[in-house]
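Asker: Next one to model:
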Amino acid sequence: MSTTSQWPLSRDGIRFIVPEFMVHALTEHPLTKDCYPVAIGYYPYAFGHRMARQQHQDHLLIFCTDGEGTVEADNASLTIQAGDIVVLPKGTPHQYQAKVDRPWSIYWVHFTGELSNQFLEPLLTAQQNLAILNPASHAKIVSDFEILLGVRQTGYNQRSFIHASNLLKQMLSYLGSNHPAIKTRQGAYFDLSAVHALMQEKLHGQLALEELAEKVNLSKYHFSSKYKAITGQSPIQHFLHLKMEHACFLLDISGNSIKTISQNLGYDDSYYFSRLFKKIMGLSPSEYRQLKRG
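Answerer: Residues are numbered from 1 along each chain as shown. As a prediction, this is how the structure comes out:
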């Protein structure tokens, strides 16, 4: 695994290296071999903390809970603040350090595994090797890290490490689907939560691509490209899927006609709405309603 920093631990600091025999067991076990931790830690108020690596043999996730730091990688240098998560894939030369005047407090985990690249892929965009995320729930990430750190007090119980490995996979998949903001190389945030809030606000009407792009101060072409790189789908496709999700909800909980539901979602032509619904859901609104009601 990659060498961890030699920052002198404070009384409340934690640095836990998974022993070699357990790493071997995790590599072989069918429930863990795809993704598992090899080192975990917590550095509170990490004054003087710094690290530089030219060789990086595993993936690294750093979650800043307080203070500030800087990270340099992939020809970019970014300031890290409370609530930010740094994603550094293996093989990426990098360096990072705590700010002198406001040193960060960080949780961190080194991990690897047969499918670890695939778990990391949704967190990165456009082949870049550095991502800064701001997850929707900071409390959840702290809680997950505390559970991960619990394995250091289990007497190297393999079942505990199996649980920790699967929690790590859950954390990564959560971040892949719930990072509302991602920091660009220029240090500004691409605020997905603001974009999605606008989509929800306009769910009962129409929404132009220009209006979404304006929300994050980008041209519609740059916005569309950036959005798809982060989420894996176009913004208009996502907006349409939100509408169809809500249509399913209305079909489930109300006895309103298809025409009324269509109008509720901003479609004056109920036949057009029905064609869209069937194209996405695989069955018509009336067929869906019959299916759900048994």
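
Asker: show me what contacts residue 111?
Answerer: Each residue near residue 111 by Cβ atoms under 8 Å, 6 or more residues apart in numbering is listed here: 35, 36, 37, 38, 58, 59, 60, 61, 168. From N, CA and C alone the C-beta is placed, and that goes for glycine too.

Asker: Setting aside sequence neighbours, what's the nearest residue to it?
Answerer: Excluding its sequence neighbours, the residue lying closest to residue 111 (Cβ to Cβ, 6 or more residues apart in numbering) is residue 37, at 4.8 Å.

Asker: show me what contacts that neighbour?
Answerer: For residue 37, the contact set (Cβ under 8 Å, 6+ apart) comprises 18, 109, 110, 111, 148, 151, 164, 165, 168.

Asker: now do residue 211
Answerer: 198, 202.

Asker: after the helix or strand hosting residue 109, next one along is what?
Answerer: Following DSSP states H and E, one finds residue 109 within strand 105-112. Proceeding N to C from strand 105-112, the next assigned helix or strand is helix 116-120, under DSSP H and E.

Asker: Let me see the mean pLDDT of that following helix.
Answerer: Helix 116-120 shows a mean pLDDT of 92.

Asker: where's whatever helix or strand comes next after that helix relative to the chain centroid, distance-wise?
Answerer: Once helix 116-120 ends, the next helix or strand along the chain (criterion: DSSP H and E) is strand 131-134. Here the centre of strand 131-134 is set off from its chain's centre by 8 Å, with Cα atoms, centre = their mean, to the nearest Å.

Asker: who's in contact with stretch 236-248?
Answerer: With Cβ under 8 Å, 6+ apart as the test, stretch 236-248 has contacts from 199-200, 202-203, 207, 209, 227, 231, 233, 261, 265-266, 273, 276-277, 280-281, 285, 288.

Asker: Tell me which residues of that stretch come out buried.
Answerer: Buried residues in stretch 236-248, defined by neighbour count with 16 or more other Cβ atoms under 10 Å: 238, 239, 240, 242, 243, 244, 246, 247, 248.

Asker: For that stretch, C-alpha coordinates in CSV please.
Answerer: This file holds the C-alpha atoms of stretch 236-248, laid out as CSV (Å, rounded to 0.1, in the frame of the first residue of the first chain):
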residue,chain,number,x,y,z
ILE,A,236,-32.8,17.4,-20.1
GLN,A,237,-32.9,13.6,-19.8
HIS,A,238,-32.7,13.9,-16.0
PHE,A,239,-35.5,16.5,-15.9
LEU,A,240,-37.7,14.2,-18.0
HIS,A,241,-37.0,11.3,-15.7
LEU,A,242,-38.0,13.4,-12.7
LYS,A,243,-41.2,14.2,-14.4
MET,A,244,-41.9,10.5,-15.1
GLU,A,245,-41.1,9.6,-11.5
HIS,A,246,-43.6,12.1,-10.3
ALA,A,247,-46.1,10.9,-12.9
CYS,A,248,-45.8,7.4,-11.4
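
Asker: Let's verify the residue nearest to residue 111: helix, strand, or coil?
Answerer: Secondary structure assignment for residue 37 (DSSP: H, G, I helix; E, B strand; the rest coil): strand.

Asker: one step back: pipe the contacts of residue 111 into a markdown table and attach pLDDT and distance to residue 97 per row.
Answerer: A markdown table is the format used below for those (pLDDT from 0 to 100; distance: Cβ to Cβ, whole Å):
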| residue | pLDDT | distance to residue 97 |
| --- | --- | --- |
| 35 | 97 | 28 |
| 36 | 98 | 28 |
| 37 | 97 | 23 |
| 38 | 97 | 22 |
| 58 | 95 | 20 |
| 59 | 95 | 20 |
| 60 | 95 | 14 |
| 61 | 95 | 17 |
| 168 | 97 | 25 |
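
Asker: Out of those residues, which is nearest to residue 195?
Answerer: Set against residue 195, the nearest of these by Cβ to Cβ is residue 61 (24.3 Å).

Asker: give me the low-pLDDT residue ranges for this structure?
Answerer: Residue ranges of the chain with pLDDT under 70: 1, 125-128, 136, 178-189, 292-294.

Asker: hey, where'd the strands end up in it?
Answerer: Applying DSSP state E to the chain gives strands spanning 14-17, 36-43, 50-53, 59-66, 68-73, 76-81, 85-88, 94-98, 105-112, 131-134, 181-183, 189-191.

Asker: All set now, cheers.
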